[in-house]
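Asks: Sequence and predicted structure, then a few things I'm wondering about:
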Protein chains: 2
Amino acid sequence: MPKETFHNLPDGKKQTLMDALQKEFSQAPLFQASISNIIKRANIPRGSFYQYFVDKEDAYFYMLNQMLHEVRERFLGMLEKSDGDLFDAMVTFYQTMTEEDENFHFFKNSLLNMNHKIEKTMSKIFENEQSSEQCARLHASIDKSKLKIEKDEELYYVMKIISAVTFHNLIDRFSKNLSNEQALAQYCKQIDMLKIGLVRD
Amino acid sequence: MPKETFHNLPDGKKQTLMDALQKEFSQAPLFQASISNIIKRANIPRGSFYQYFVDKEDAYFYMLNQMLHEVRERFLGMLEKSDGDLFDAMVTFYQTMTEEDENFHFFKNSLLNMNHKIEKTMSKIFENEQSSEQCARLHASIDKSKLKIEKDEELYYVMKIISAVTFHNLIDRFSKNLSNEQALAQYCKQIDMLKIGLVRD
DNA sequence: ATTATAAGTGACAGGTTGTCATAGGTCAAC
DNA sequence: GTTGACCTATGACAACCTGTCACTTATAAT
């Protein structure tokens, strides 16, 4: 987490710094991004950076969390719009993630170089930890009657499966540079298979 | 790929170097491993390393591929032993990957810091690219009559789904330090859900 | 004005990487 | 056995990067 000092910063300076972070992390994945670049861009001295953040990771995860908050809201919105149909919402979600908005390159880099810490953070979009309070809203928005689950706990596994497959498809889309149409078709195919199951009755 | 010079090395020296690589990459993930450490361990001068490999990545992927070759053989063996039942074989495979053999830490590091390039390489275990010749043996070993697929092409998606879920479970197992029993139970649960499908009929 | 507390700063030590000029070995041919 | 072609070995080096720290400057409160 950023240090107190960062939060005390006047809005202008804070924004400049955020922009610098955003640019650097859009250009290179976490492990390749450099603090030197960031401070050059933000035009702050080296010492100041360490006044605000513990290190590169700290800054990165701050950014990432900020962005994910929006994404999560968007996802919950989709879920409500699709009357609690998890699969429909996921497909819509998948599509928005492949659209080239201002955060496209940031997410692309993050997905292509996703270690377990990044993934854990990203999974918050579908907040899902067993016994988390935060996930109440998610649980409330999903129409469970459509799902083949008996206990609430099983929803946890459903979410795990779906998010695993979704992230993998996004990564595939980016690493192979598939067209949006191709990638979407593949994703939908897989979602369908998840729905009906993989073994013959 | 390692340079010619590496292959020309006398076996003893080659082995020493491989051991040094293996140790370094077991101790730290690719992005944190250092060439300086490797050459210290292997007791070779800096210039020599670059005589053998293009860079750290080159050395890493050489190692990884070597190891994966064995793993793949093991997996195909399991598949045959379980009479072509893909799901049974996967569960056995999952278990062997969580056993603490000599390569345990190497794979743990790789899984916890798996970018798309590492993942692509690892997926070779379940070699599966559409229109690849290499995957003939895999296709031959799987009893497709047990699967809900119509065209051969659909097997591609089945494998994608299963490997996505499997890798995610392995990562979960390692990052949360679950016990083998706990982790296996969760994995089997998810495999079952994949088999029968996620939506109510 | 004085003092305490917070923030800003850049030179620096210690580490890393990839390169390159130089030195050393091997082997076939003359 | 000398020559030259070719491959390999070597470590000093430039260029970079990170995290720290002693020091300066600002702000606020008494």
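Replies: Cool, got the structure. Given the structure is predicted, the values throughout are model-derived calculations rather than measurements.
Asks: all contacts plus neighbour counts: C-alpha atoms, from now on.
Replies: Noted.
Asks: Just the CA atoms of stretch A:26-37, as PDB, please.
Replies: The C-alpha coordinates for stretch A:26-37 follow below in PDB (Å, rounded to 0.1, in the frame of the first residue of the first chain):
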ATOM      1  CA  SER A  26       1.300  -0.100 -20.000                       C
ATOM      2  CA  GLN A  27       4.600  -0.200 -21.800                       C
ATOM      3  CA  ALA A  28       6.200  -2.900 -19.800                       C
ATOM      4  CA  PRO A  29       5.100  -5.600 -17.500                       C
ATOM      5  CA  LEU A  30       5.800  -5.300 -13.800                       C
ATOM      6  CA  PHE A  31       9.100  -7.100 -13.800                       C
ATOM      7  CA  GLN A  32      10.500  -5.000 -16.700                       C
ATOM      8  CA  ALA A  33       9.100  -1.600 -15.700                       C
ATOM      9  CA  SER A  34      11.600   0.600 -14.100                       C
ATOM     10  CA  ILE A  35      11.300   3.200 -11.300                       C
ATOM     11  CA  SER A  36      13.900   5.300 -13.200                       C
ATOM     12  CA  ASN A  37      11.500   5.600 -16.100                       C
END
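Asks: now it, how far from the chain's geometric center?
Replies: Its chain's average C-alpha position is 18 Å from that of stretch A:26-37, according to C-alpha atoms, centre = their mean, to the nearest Å.
Asks: end-to-end on stretch A:143-153?
Replies: 15 Å (C-alpha to C-alpha, to the nearest Å).
Asks: If we go by neighbour counts, what in it is buried?
Replies: Neighbour-count burial for stretch A:143-153, counted by 16 or more other C-alpha atoms under 10 Å in any protein chain shown, picks out A:144, A:147-149.
Asks: Looking at those residues, which is nearest DNA strand C?
Replies: A:Lys144 (47.7 Å; C-alpha to the nearest atom of the strand).
Asks: which bits of chain A sit near chain B?
Replies: Residues of chain A found near chain B (C-alpha under 8 Å from any C-alpha of the partner chain) are A:31, A:111-116, A:145-149, A:157-158, A:161, A:164-165, A:168, A:171, A:175, A:189-190, A:193-201.
Asks: which residues touch A:Met62?
Replies: Let me fix one detail, which is that residue A:62 is Tyr and not Met. Contacts for A:Tyr62 (C-alpha atoms under 8 Å, 6 or more residues apart in numbering or on different chains) come out as A:1-2.
Asks: And the pLDDT at it?
Replies: Listed pLDDT for A:Tyr62 reads 98.
Asks: Tell me how far A:Pro2 lies from A:Leu17.
Replies: A:Pro2 is 12 Å from A:Leu17, by C-alpha to C-alpha.
Asks: Pick out whichever of those two has more residues nearby.
Replies: Applying other C-alpha atoms under 10 Å in any protein chain shown to A:Pro2 and A:Leu17 shows that A:Leu17 carries more neighbours, namely 20 against 17.
Asks: contacting residues for the residue nearest the centre of chain A?
Replies: Chain A has A:Met122 as the residue nearest its centroid, 3.9 Å off, counting by C-alpha atoms, centre = their mean. For A:Met122, the contact set (C-alpha under 8 Å, 6+ apart) comprises A:Leu68.
Asks: Could you export the buried residues of stretch A:143-153 as JSON lines, including secondary structure, pLDDT and distance to DNA strand D?
Replies: Output for these, formatted as JSON lines (DSSP: H, G, I helix; E, B strand; the rest coil; pLDDT from 0 to 100; distance: C-alpha to the nearest atom of the strand, whole Å):
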{"residue": "A:Lys144", "secondary structure": "helix", "pLDDT": "96", "distance to DNA strand D": "45"}
{"residue": "A:Leu147", "secondary structure": "strand", "pLDDT": "97", "distance to DNA strand D": "46"}
{"residue": "A:Lys148", "secondary structure": "coil", "pLDDT": "97", "distance to DNA strand D": "47"}
{"residue": "A:Ile149", "secondary structure": "coil", "pLDDT": "96", "distance to DNA strand D": "45"}
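Asks: export those to a markdown table and tack on distance to B:Glu80?
Replies: A markdown table is the format used below for the buried residues of stretch A:143-153 (distance: C-alpha to C-alpha, whole Å):
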| residue | distance to B:Glu80 |
| --- | --- |
| A:Lys144 | 38 |
| A:Leu147 | 34 |
| A:Lys148 | 31 |
| A:Ile149 | 32 |
